[in-house]
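S.K.: This is a predicted model, with the sequence first.
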Amino acid sequence: VVLLWKDDYYFIATNDNENDIGFYVRKAHELEDLFAKDVKTYKILDKDTENGFVQLFRAPEFHVLIGSLYLLFTVSDSEWNPQCHIMKLKENGDILNPKDWEKPIRVRRANGGFLSEKGINIDMTPVKSGERYFYVWSHRKNIGTPLDTGSMLMIAEFDPVHPERLISEPKCLSRPLYGFENTERTINNEGPYAFYYHNKIYLAYSGGDARGYLYAIGMLTANDGDDLCDLSVWEKAKTPIASFATIPGEYGPGHNSFFWDRDQNLWIAYHAVTSFEEKIVSSGMRRVYFEQDKTPRFDVIVE
């Protein structure tokens with residue numbers, strides 16, 4: 001995820017290639033400088049056994065909700081059970097200073113209970129429609145059994161003043177029913193993230209093999225102002241918007257985010273592998289362009 005905040009860019013991502021627990025942030029005034037060799041990284045959330053932050057520090061996302069900055073993320077305690085959490089940057093706080101962040105809170109349902117009694121909940125992201133706010137996240141239960149549900153996208157409304165709690169009951173927005181969502185024994189809809197363009201909401205998500213070349217990005221769309229908990233307002237694309245065939249040399253693009261730069265250009269940030277055999281994912285980004293009919297394109301290369 002890349003964030004433009006107070007005229008500087010910040011970068012945060014899942015970092016588990018070397019089993020290095022925690023979330024690290026980079027800061028630079030220019031976008032390309034985020035990835036300079038000498039760029040400094042700052043750990044803003046560390047392992048915390050007492051509070052149950054032990055493993056699977058995953059999918060951190062910066063989001064601004066009515067003027068305040070939050071970090072949404074997934075983390076698990078010592079028993080593998082990843083769940084959605086949120087923490088708020090204190091007023092006038094420094095993103096890079098861990099002491100300027102409030103204590104993380106586990107997201108709960110309207111009745112105060114957990115998002116689910118059984119199963120994992122990961123990759124939570126906010127989506128705004130009109131003046132209402134909704135969370136979309138990935139839920140899965142019965143992993144490794146004949147009753148494995150696969151991961152599904154769930155949706156519920158929340159109050160941005162109290163974003164740690166839902167105000168409506170979760171509904172299943174999308175299940176992995178298409179071929180590209182069911183590959184390499186990986187049955188999933190995960191990694192949702194939205195952008196907005198000409199009164200339309202574009203909600204990307206990922207499906208397929210998350211650590212290989214068959215990972216792909218799907219898309220759900222709705223109109224800005226719709227009640228997003230009304231499942232009939234959504235349209236789901238039957239084919240991926242990005243896959244191993246989209247960009248030469250980049251295979252299995254997925255679990256992406258979007259951001260607007262200073263010049264109001266839209267970018268997609270994502271991870272992918274560099275060959276059909278590679279299993280270590282790398283981060284990358286590129287511009288998103290639009291056709292004259294306002295349709296977004298994700299396959300435009302430099303040449």
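M.R.: Noted; the coordinates are in hand.
S.K.: how near is N142 to L56?
M.R.: In this view, N142 and L56 are 19 Å apart by CB to CB, to the nearest Å. Any C-beta I mention is one placed from the backbone N, CA and C, and that applies to glycine too.
S.K.: When those two are compared, which one has more neighbours?
M.R.: L56 (20 against 12; other CB atoms under 10 Å).
S.K.: How many residues are close by the residue nearest to the more buried one when sequence neighbours are not counted?
M.R.: Leaving out its chain neighbours, the residue that sits closest to L56 by CB to CB, 6 or more residues apart in numbering is S76, at 4.3 Å. Per other CB under 10 Å, the neighbour tally for S76 reads 18.
S.K.: Which parts of the chain are helices?
M.R.: In the chain, no helices are defined using DSSP state H.
S.K.: center of it, which residue is that?
M.R.: When CA atoms, centre = their mean is applied to the chain, the residue found nearest the centroid is G191 (4.6 Å).
S.K.: mind listing what it touches?
M.R.: Applying CB atoms under 8 Å, 6 or more residues apart in numbering, one finds that G191 lies in contact with 59, 123, 138, 204-206, 254-256.
S.K.: from the residues you listed, which would you call buried?
M.R.: When the contacts of G191 are checked for burial by 16 or more other CB atoms under 10 Å, the buried set is 59, 123, 138, 204-206, 254-256.
S.K.: In a markdown table, list those along with distance to K90 and pLDDT.
M.R.: Shown next, in a markdown table, are the buried ones among the contacts of G191 (distance: CB to CB, whole Å; pLDDT from 0 to 100):
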| residue | distance to K90 | pLDDT |
| --- | --- | --- |
| A59 | 23 | 95 |
| D123 | 25 | 97 |
| S138 | 29 | 98 |
| A204 | 31 | 98 |
| Y205 | 32 | 98 |
| S206 | 32 | 97 |
| G254 | 33 | 94 |
| H255 | 29 | 94 |
| N256 | 29 | 96 |
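S.K.: Could you point out which of the residues you listed is nearest to K236?
M.R.: Closest approach between those and K236, by CB to CB: Y205, at 9.5 Å.
S.K.: what sits against the closest one?
M.R.: Y205 neighbours (CB under 8 Å, 6+ apart): 153, 174, 189-193, 217-220.
S.K.: out of those, who has the most neighbours?
M.R.: Neighbour tally across the contacts of Y205 (other CB under 10 Å): the maximum, 30 neighbours, falls on N189.
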